[in-house]
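Undergrad: quick check, what structure comes out for this input:
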Amino acid sequence: MPRYTVHVRGEWLAVPCPHSTNTVGWLGKEAVRRYVKNKPDNGGFTSVEEVKFFVRRCKGLGLLDLDDAVEDALEDNEFVEVVIEGDIMSPDFIPSQPEGVHLYSKYREPEQYISLDGNSLTTRDLVNLGKGLYKIKLTPEAEAKVKQSREVIERIVKEQTVVYGITTGFGKFARTVIPNSKLMELQMNLVRSHSAGVGKPLTPERSRMLLALRINVLAKGYSGISLETLQQVIEAFNASCLPYIPEKGTVGASGDLAPLSHLALGLTGEGKMWSPKSGWADAKYVLEAHGLKPITLKPKEGLALINGTQMITSLGCEAVERASAIARQADIVAALTLEVLKGTTKAFDTDIHAVRPHRGQAEVAFRFRSLLDSDHHPSEIAESHRFCDRVQDAYTMRCCPQVHGVVNDTIAFVKDIMTTEINSATDNPMVFAERAETISGGNFHGEYPAKALDYLAIGVHELAAISERRIERLCNPSLSELPAFLVTEGGLNSGFMIAHCTAAALVSENKVLCHPSSVDSLSTSAATEDHVSMGGWSARKALRVIEHVEQVLAIELLAACQGIEFLRPLRTTTPLEKVYDLVRSVVRPWIKDRFMAPDIEAVHRLLVEQKVWEVAEPYIEKYRREHIPESRPGSPTAFSLGSLGRKTHDGHNHRHQNEL
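TA: A predicted model of the protein is given here:
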């Protein structure tokens, strides 16, 4: 018999549907009847017949026709909401979908698995797990280690040994010994009391990353969780049952206690939970709808689920992957701007960078050469200003290898820290099965990822700072030799005037966000936790900085493509023409003023989805193979300077004599 979970005025009701001819209207009325039956005052209604309502799916919030047959409109065990006319939605009810409903409606359960052992997860793996591209399973070696560490915990409980967090209270209560009969209650109380976060819930992708990363840490076998409980956590992940996790509340030492507690709370069947099938609902109903049972916490298991740096680190992995993507695409955008502003490639000569051999600087200069080398990719635009009388370009073009380069090196540094952190045990106490003991320490302290993510924000911001100055050069006719604000009939049309203002606003906002949060510390837990990392804010603001960088570069890319329109019929190099074509596939040329925000967002999506890189990368790598035959992408020799040769052909045959 089909059954549906129906939300009425803050309560969830399980309603069986005995006949295939039952309608959506019948389902709504039956849910209201059950709601009224359970209320002492009948819910304020004289009779169910007088209640007027409408029904919508929790998945996607689509309104349902009351006359449709239930079996035609709904899947078995689907979640629906009955909204009674005249009601104001209960203030404690979470909307059925997070931001970006259209993205989650496309979710498809993955078929492929990633095997976790706690030692070999990459930042890209974690981001892909967050996107829902894989399910999780443990390696046999990880299962064995988990069992061994659990045996240590069970021996401690059996022998009634006094061990922090297992047979004692927490923080300031570490000297309070708890009797064996209350050890399970201790763990549940820990999770409930620590679920004290505030703010918007993490998106499904970020919740999935957080859950996946906690599983990876537990798989190392130093947490003391039972294999049975860990398998239940994995089953919840694989079903995409994601607890409600507020984004604010962690100070980043003693781990990310508040967000991880919300994560654990949902797994125990309390609080709210989201899945693609249910939208937001009570966790117990979501788990039940997927055939899962709530976790029952055994001694140490609550602490095992909430102690660690996984909030900081999972968000940090997203930050470092997005930073890497926008950094390499920034080189492509800047190269296009240089073409539009009729700049020179002389500043990217191999000898210049050989005498200051920073790895990132060398790679950025190489990318510029691979996109702009006139011998390799003839450019009619470059040819048009071969004999111009300008001596050198502004720093925003000439110094791209130096400015963009250090961003690349910063990202590499941060990625190394994040890779170590996601494969680290960050519990307290640690369970060492080979020594048959537990040891209290401080691996939960988030200073490593917190400091790294503050540095990442500072580094990546510079891509937006220099991009905004290039946008100014594109829009300013005294600097660009193009129409003011890149539009004809200036005055009647404002063109890119305010798009540049938007870029300036985002750069200014980033300057505040780049103030490091990890330089702050507030003593917590009655001075037991007297130095903390504030890493949660480091991670969240790093992500915001990176999003602003993406948006500023989207505006520059739009402006550069618009500049190309005024240079036609001249064409730029083949790879940059391909980039231009990509942009024009989503945004048409700017002939007269129109609604600009959708254009910016469309190009922003191209950058987020790395479409710009996908278009240009084959040309960059082909150039690399032809100029460094022994190299492979990503290998150390791929960034070697000596074998690239000295010749760099630009549009200015005089500059090597006159550069200052």
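
Undergrad: the strands in this protein, which residues?
TA: Counting by DSSP state E, the chain has strands at residues 3-8, 11-16, 53-57, 63-64, 79-84, 113-116, 135-138, 198-201, 242-243, 246-248, 272-275, 279-282, 430-432, 437-439.

Undergrad: run through who's touching the fourth one.
TA: Strand 63-64 has contacts (Cβ atoms under 8 Å, 6 or more residues apart in numbering) with Val24, Phe54, Val55, Arg56, Arg57, Ala73, Leu74, Val80. All C-beta atoms are positioned from the backbone trio N, CA, C, and that covers glycine.

Undergrad: stretch 156-170: end-to-end distance?
TA: By Cα to Cα, to the nearest Å, the extent of stretch 156-170 from end to end equals 17 Å.

Undergrad: cool, stretch 13-27 as well?
TA: This stretch, stretch 13-27, spans 11 Å end to end (Cα to Cα).

Undergrad: just use 166 as the starting number from now, easier for me
TA: Fine by me, first position is 166 from now on; the one you just mentioned is stretch 178-192.

Undergrad: buried residues in it?
TA: Neighbour-count burial for stretch 178-192 flags Leu178, Val180, Cys182, Asn187, Thr188, Val189, Gly190, Trp191, Leu192 (criterion: 16 or more other Cβ atoms under 10 Å).

Undergrad: now tell me what touches that stretch from outside.
TA: 166-172, 195-196, 199-200, 220, 229-236, 238-239, 245, 450.

Undergrad: just the buried ones from those?
TA: Taking 16+ other Cβ under 10 Å as the criterion, what is buried in those is 167, 169-172, 195-196, 199-200, 220, 229, 231, 234-235, 238-239, 245, 450.

Undergrad: picking up where we left off before, pull the most distant pair out of the contacts of strand 228-229.
TA: Greatest spacing in the contacts of strand 228-229, by Cβ to Cβ: Phe219 and Leu239 (14.7 Å).

Undergrad: worst mean pLDDT across the helices and strands of this protein, which element?
TA: Here the helix or strand of the chain ranked lowest by mean pLDDT, DSSP states H and E is helix 820-823, holding a mean of 32.

Undergrad: residue ranges with poor pLDDT in the protein?
TA: Scanning the chain for pLDDT under 70 picks out the ranges 252-271, 794-825.

Undergrad: hmm, try it at 50
TA: Along the chain, the model assigns pLDDT under 50 to residues 255-256, 261, 266-267, 795-825.

Undergrad: residue closest to the middle of it?
TA: Centroid-nearest residue in the chain: Glu483, 4.1 Å away (criterion: Cα atoms, centre = their mean).

Undergrad: quick revisit: with distance to Lys347 as added columns, please give the buried residues of stretch 178-192 in CSV.
TA: Compiled in CSV, those are given as follows (distance: Cβ to Cβ, whole Å):
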residue, distance to Lys347
Leu178, 34
Val180, 38
Cys182, 43
Asn187, 47
Thr188, 51
Val189, 48
Gly190, 50
Trp191, 48
Leu192, 43
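
Undergrad: wait, which of those residues is closest to Pro740?
TA: Within these, the smallest distance to Pro740 is 54.3 Å, found for Val189 (Cβ to Cβ).

Undergrad: what separation do you get for the closest one and Glu236?
TA: Counting by Cβ to Cβ, to the nearest Å, the gap from Val189 to Glu236 is 10 Å.

Undergrad: got the contact list for the spatially closest residue to Gln475 that is not a sequence neighbour?
TA: Nearest residue to Gln475, sequence neighbours excluded (Cβ to Cβ, 6 or more residues apart in numbering): Leu378, at 4.5 Å. Applying Cβ under 8 Å, 6+ apart, we find Leu378 in contact with Leu286, Leu291, Gln475, Thr478, Ser479, Cys482, Ile587.

Undergrad: the third one - how many residues pack around it?
TA: So that's Gln475. 28 (other Cβ atoms under 10 Å).

Undergrad: what sits against it?
TA: By Cβ under 8 Å, 6+ apart, the residues touching Gln475 are Leu375, Leu378, Arg379, Val382, Gly420, Asp421, Leu425, Thr591.

Undergrad: same list (those) but as TSV, adding distance to Met761.
TA: As requested, those are exported to TSV (distance: Cβ to Cβ, whole Å):
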residue	distance to Met761
Leu375	36
Leu378	39
Arg379	42
Val382	45
Gly420	44
Asp421	39
Leu425	42
Thr591	45
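
Undergrad: quick one: which of these has the most company?
TA: Scoring the contacts of Gln475 on neighbours with other Cβ under 10 Å, the highest-scoring entry is Asp421 at 34 neighbours.

Undergrad: right, and it touches Glu412 too?
TA: No: using Cβ atoms under 8 Å, Asp421 makes no contact with Glu412, being 10.8 Å away.

Undergrad: list the residues that contact both of those two?
TA: By Cβ under 8 Å, 6+ apart, the residues touching both Asp421 and Glu412 are Gly701.

Undergrad: gap between Leu291 and Asp619?
TA: Distance from Leu291 to Asp619, counting by Cβ to Cβ: 20 Å.

Undergrad: scratch that, Val382
TA: To Asp619, Val382 is 23 Å away according to Cβ to Cβ.

Undergrad: again, but for Cys482
TA: Distance of Cys482 to Asp619, computed by Cβ to Cβ: 16 Å.

Undergrad: more crowded one of those two?
TA: Cys482 (29 against 25).

Undergrad: show me the contacts for the more buried one.
TA: The contact partners of Cys482, by Cβ under 8 Å, 6+ apart, come to Thr288, Leu291, Val292, Met374, Leu378, Met583, Ile587.

Undergrad: just put those in JSON lines and tack on distance to Thr304.
TA: What follows is the contacts of Cys482, written out as JSON lines (distance: Cβ to Cβ, whole Å):
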{"residue": "Thr288", "distance to Thr304": "20"}
{"residue": "Leu291", "distance to Thr304": "17"}
{"residue": "Val292", "distance to Thr304": "21"}
{"residue": "Met374", "distance to Thr304": "20"}
{"residue": "Leu378", "distance to Thr304": "16"}
{"residue": "Met583", "distance to Thr304": "22"}
{"residue": "Ile587", "distance to Thr304": "16"}
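
Undergrad: can you select the buried ones from the residues you listed in ChimeraX?
TA: Buried subset of those, written as a ChimeraX selection, criterion 16+ other Cβ under 10 Å:
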select :288,291,292,374,378,583,587
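
Undergrad: between the contacts of Cys482, which is closest to Asp538?
TA: Closest approach to Asp538 among those (Cβ to Cβ): Thr288, at 32.3 Å.

Undergrad: list the buried residues in stretch 389-407.
TA: 389-392, 394-395, 397-407.

Undergrad: can you name the two of the contacts of Cys482 that sit furthest apart?
TA: Across these, the longest distance by Cβ to Cβ is 11.9 Å; it joins Met374 and Met583.

Undergrad: for the closest residue to Arg199 other than its chain neighbours, name its beta-bridge partners.
TA: Once flanking residues are discounted, Arg199 sits nearest to Leu178: 5.1 Å by Cβ to Cβ, 6+ apart. When bridges are called by DSSP bridges, Leu178 pairs up with Val171.
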